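Q: Have a look at this prediction, sequence included:
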Amino acid sequence: MVQSTLHTLLLASLTAIAAARKCQNLTVPISISARNTNFSLQAPSTNVDVTDFVLNFSQPGVNFTKQALGPNGAPNSTDGEFATITGTYTIGATYCEPDSGPGSALQILTHGVAFDRSYWDFAAQDYNYSYVNAALARNYSTFAYDRLGLGASSRGEPVNEIQTGLEVAALHALTTQLRQTAVPGIEASYDKVLHVGHSYGSVQTWALTAMYEGISDGIVLTGFSEAGDFVPYFMLGGNYVLAHDASPALASYPPGYLASADMTAVQIGFFAPGNFDPAILAATYRAGQPVTIGELMTLGGVTTGNNTFGGPVLIVTGERDIPFCGGNCDVSNPPIPAQANQSFTNTSYFDAIIVPGAGHGLNLVNTYFSL
């Protein structure tokens, strides 16, 4: 894949691009297994418990994850510290291709915290913020899915089951089925399969390519850096409560699933000053989805060390991104996201782009940029 082609993988979903499209909603069965971390935490049952969790999780100088390991866990020991989770689940997904037929390559789209797959095909303002439409207009097909544990995908126990490891296993299973033309309802086969993530979805994409050689032909990591120091900013600004208290739409989620309680928290986490439409902020809040305790406890440390992925890598992050840059990606030279170049030791191409004035929710901001 040449450099110019890689640049077009991140399509300016901030522009109004109309695309003739054929889309279908799918339910994909998967059987997966992963080594999860075994925590002794109880799922918060009140909003006081949730706030206590956030304050403990965000305390400087304290490794709360280590403190919360199962009672039999010990440093450098696997006895009691990890548990193998095996199960059969279903994944809710939407497959789209141009009206003319299958695109030149398939993009697998993994959303981040606070969203489901609608992040990639945002319906507000007549789909003016749709990444999917932009991809279809450039002759890509897309496969967007709800991450395991939320949306139309199978739910699970929120502390020791729905964690990063199991979700990466789900992404691997989906990718394998798509490569093998084994997903019911998708007849097209693709020589090129690309992975595009946002935020926590980028973390999972990074982990996928580090664990499984040859699984992807190219990756785009949006709303991402390898810096882990700023997640507490996101947590403390998120005003988290039990998901079923945050919105009637989330009433079916049990304790251990958290969501932002108000629109201000969503603005802090995803939108930079003067760079968004308030109507889109309101729509983002209404569409909000939860995050599990297990996800929050296992997202750190996933992108440490080297990644020997051999394909092209593009990172695109807003200048004012909170969780991955602390609000200023340009505070260092090179910029914080660009420092990931040191970890991709075998990549055929690497670039990191900082979007001026943009916040964390890149698909939903006003900044227009052309690649």
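A: Okay, I see it.
Q: continuing past the helix or strand harbouring residue 23, what's the next helix or strand?
A: For residue 23, the enclosing helix or strand under DSSP states H and E is strand 21-37. On the C-terminal side of strand 21-37, the nearest following helix or strand under DSSP H and E is helix 47-57.
Q: List the strands paired with the strand holding residue 23, with their directions.
A: Paired neighbours of strand 21-37 in the sheet (DSSP bridges): strand 82-98 (antiparallel).
Q: Check which residues of the partner strand are buried.
A: Across strand 82-98, burial judged by 16 or more other Cβ atoms under 10 Å covers 82, 85, 89, 91-98. From N, CA and C alone the C-beta is placed, and that goes for glycine too.
Q: now stretch 326-340
A: Taking 16+ other Cβ under 10 Å as the neighbour-count basis, stretch 326-340 is seen to contain the buried residues 326-327, 329, 335-340.
Q: rewinding a little: can you list the buried residues of strand 82-98 in a markdown table and add distance to residue 145 and pLDDT?
A: Below are the buried residues of strand 82-98 laid out as a markdown table (distance: Cβ to Cβ, whole Å; pLDDT from 0 to 100):
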| residue | distance to residue 145 | pLDDT |
| --- | --- | --- |
| 82 | 26 | 91 |
| 85 | 19 | 96 |
| 89 | 12 | 98 |
| 91 | 5 | 98 |
| 92 | 7 | 98 |
| 93 | 4 | 98 |
| 94 | 8 | 98 |
| 95 | 9 | 98 |
| 96 | 12 | 98 |
| 97 | 16 | 97 |
| 98 | 19 | 97 |
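Q: Can you convert these into a markdown table and add a column each for distance to residue 158?
A: Formatted as a markdown table, these follow (distance: Cβ to Cβ, whole Å):
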| residue | distance to residue 158 |
| --- | --- |
| 82 | 18 |
| 85 | 13 |
| 89 | 15 |
| 91 | 18 |
| 92 | 18 |
| 93 | 22 |
| 94 | 25 |
| 95 | 28 |
| 96 | 30 |
| 97 | 35 |
| 98 | 38 |
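Q: on that earlier part again, name the nearest of the buried residues of stretch 326-340 relative to residue 287.
A: Of all the buried residues of stretch 326-340, the one sitting nearest residue 287 is residue 327; the distance, using Cβ to Cβ, is 23.8 Å.
Q: And the strands in the stretch 101-250 of the chain?
A: Counting by DSSP state E, counting those that start in this stretch, the segments of the stretch 101-250 of the chain that form strands are 106-110, 141-145, 193-198, 219-222, 240-242.
Q: what's the single longest helix in this protein?
A: Longest helix in the chain by number of residues, with DSSP state H as the criterion: helix 164-179.
Q: before we move on, the earlier item: pick out the most distant pair among the buried residues of stretch 326-340.
A: Maximum distance among the buried residues of stretch 326-340 (Cβ to Cβ): 18.6 Å, for 327 and 340.
Q: show me the contacts for residue 123.
A: With contacts defined as Cβ atoms under 8 Å, 6 or more residues apart in numbering, residue 123 is in contact with residue 130.
Q: run the last query once more with 10 Å
A: Contacts here follow Cβ atoms under 10 Å, 6 or more residues apart in numbering; on that basis residue 123 touches 129-130, 283, 287.
Q: ok, back up a step: mind listing which of the buried residues of stretch 326-340 are in helices?
A: Under the assignment DSSP H, the buried residues of stretch 326-340 contribute nothing to helices.
Q: Dump these to CSV, plus pLDDT and distance to residue 251.
A: Shown next, in CSV, are the buried residues of stretch 326-340 (pLDDT from 0 to 100; distance: Cβ to Cβ, whole Å):
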residue, pLDDT, distance to residue 251
326, 98, 34
327, 98, 33
329, 98, 37
335, 97, 41
336, 97, 38
337, 98, 37
338, 97, 42
339, 97, 42
340, 97, 39
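Q: Throw those into CSV and include distance to residue 253, thanks.
A: Supplementary listing: these in CSV, determined by distance: Cβ to Cβ, whole Å:
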residue, distance to residue 253
326, 29
327, 29
329, 32
335, 36
336, 33
337, 32
338, 37
339, 36
340, 33
